[in-house]
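Trainee: Sequence and predicted model, in that order:
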Amino acid sequence: MIYSGKAYAPDNPRQLLYCEKHRLQLRGDKPYRRNVSYFNADGKLIAQKENQYFSNPAAPDFRLQDLRHHYHEQARYNDDGSLLLSLQENSAAEEQKTLLTELPENLVIDAGFDEFVRLHWQSLLSGKEVSFSFASAARQDLVNFRLEKTSLDDRQLVLSMRLKSRLLAWLLDPIELTYERDSQRLLRYRGLSNIMDSAGNTYHADIRYEYPGDCPN
């Protein structure tokens with residue numbers, strides 16, 4: 001499956017920030033491998049990401065490399081089932097590593113949040129709040145989130161993703177996710193991105209997905 005996401009500035013729907021091209025390999029109806037290429041508005045490759053899926057589709061491993069800043073982050077499983085988070089912010093920085101030996105049942109890693117939504121689709125449709133622990137290589141820790149419905153109609157389900165702690169939720173603007181009801185495909189993502197601008201600041205983006213879709217040259 002090949003599809004794309006075009007990331008626009010939240011305050012300017014015509015300003016393209018970057019484009020992401022997804023190549024998702026399936027085995028049966030389950031995700032197996034994902035490769036994502038990120039291009040800037042001029043069509044130049046700026047970053048790459050890989051996911052490998054295992055028994056829990058919500059928690060694949062991943063490696064993200066930003067080719068401009070020599071930045072990389074990664075979550076990788078060890079043979080004993082533990083999870084190693086690593087982060088290197090530039091070529092001169094020391095690599096940071098954190099080993100997680102006790103993993104929660106509701107673990108989500110990187111693009112696995114999309115599978116997590118589908119695994120809990122009926123609960124979210126009914127208005128139940130669903131919680132999960134997100135393995136953040138950038139923060140070198142697990143971050144607890146809650147996911148809940150904000151609107152629903154015949155065509156779309158809109159979800160809000162916030163920090164689970166209501167006392168700390170103000171620290172991060174909520175992420176808004178829009179899904180198509182019939183296909184359960186992600187149509188739109190609004191919030192903090194995983195890609196940085198040329199100055200090294202993380203984008204806030206309005207990403208719109210197309211199936212199939214490609215990035216402009």
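Mentor: Yep, it's here. Numbering: from 1, shown residues only.

Trainee: For the rest of this, base every contact and every neighbour count on C-alpha atoms.
Mentor: Will do.

Trainee: ranges for the helices of the protein?
Mentor: For the chain, the helices defined by DSSP state H occupy 112-119, 121-125.

Trainee: what's in contact with the first one?
Mentor: Think helix 112-119. Pro57, Ala58, Ala59, Pro60, Val108, Leu124, Gln184, Leu186 (Cα atoms under 8 Å, 6 or more residues apart in numbering).

Trainee: Where strands are concerned, which of these count?
Mentor: Residues of those located in strands (DSSP state E): Val108, Leu186.

Trainee: Now find how far off-centre stretch 22-31 is within its chain.
Mentor: On the basis of Cα atoms, centre = their mean, to the nearest Å, stretch 22-31 sits 16 Å off its chain's mean C-alpha point.

Trainee: out of the helices of the chain, deepest packed?
Mentor: helix 112-119 (a mean of 18; mean count of other Cα atoms under 10 Å).

Trainee: Can I get that helix in PDB? Just the C-alpha atoms.
Mentor: C-alpha atoms of helix 112-119 as PDB (Å, rounded to 0.1, in the frame of the first residue of the first chain):
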ATOM      1  CA  GLY A 112       1.500   1.900  16.000                       C
ATOM      2  CA  PHE A 113      -0.900   4.500  17.300                       C
ATOM      3  CA  ASP A 114      -2.900   4.100  14.100                       C
ATOM      4  CA  GLU A 115      -3.300   0.400  14.700                       C
ATOM      5  CA  PHE A 116      -4.100   1.100  18.300                       C
ATOM      6  CA  VAL A 117      -7.000   3.200  17.200                       C
ATOM      7  CA  ARG A 118      -8.400   0.400  15.000                       C
ATOM      8  CA  LEU A 119      -7.900  -2.200  17.800                       C
END
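
Trainee: from the middle of its chain, how far away would it be?
Mentor: Counting by Cα atoms, centre = their mean, helix 112-119 comes out at 10 Å from the chain centroid.

Trainee: before we move on, what about stretch 144-159?
Mentor: For stretch 144-159, the distance to the chain centre is 16 Å (Cα atoms, centre = their mean).

Trainee: Tell me the span between the first and last residue of it.
Mentor: 16 Å (Cα to Cα, to the nearest Å).

Trainee: what mean pLDDT would you report for that stretch?
Mentor: In this model, stretch 144-159 has an average pLDDT of 95.

Trainee: What residues sit buried inside it?
Mentor: Asn144, Phe145, Arg146, Leu147, Glu148, Lys149, Leu152, Gln156, Leu157, Val158, Leu159 (16 or more other Cα atoms under 10 Å).
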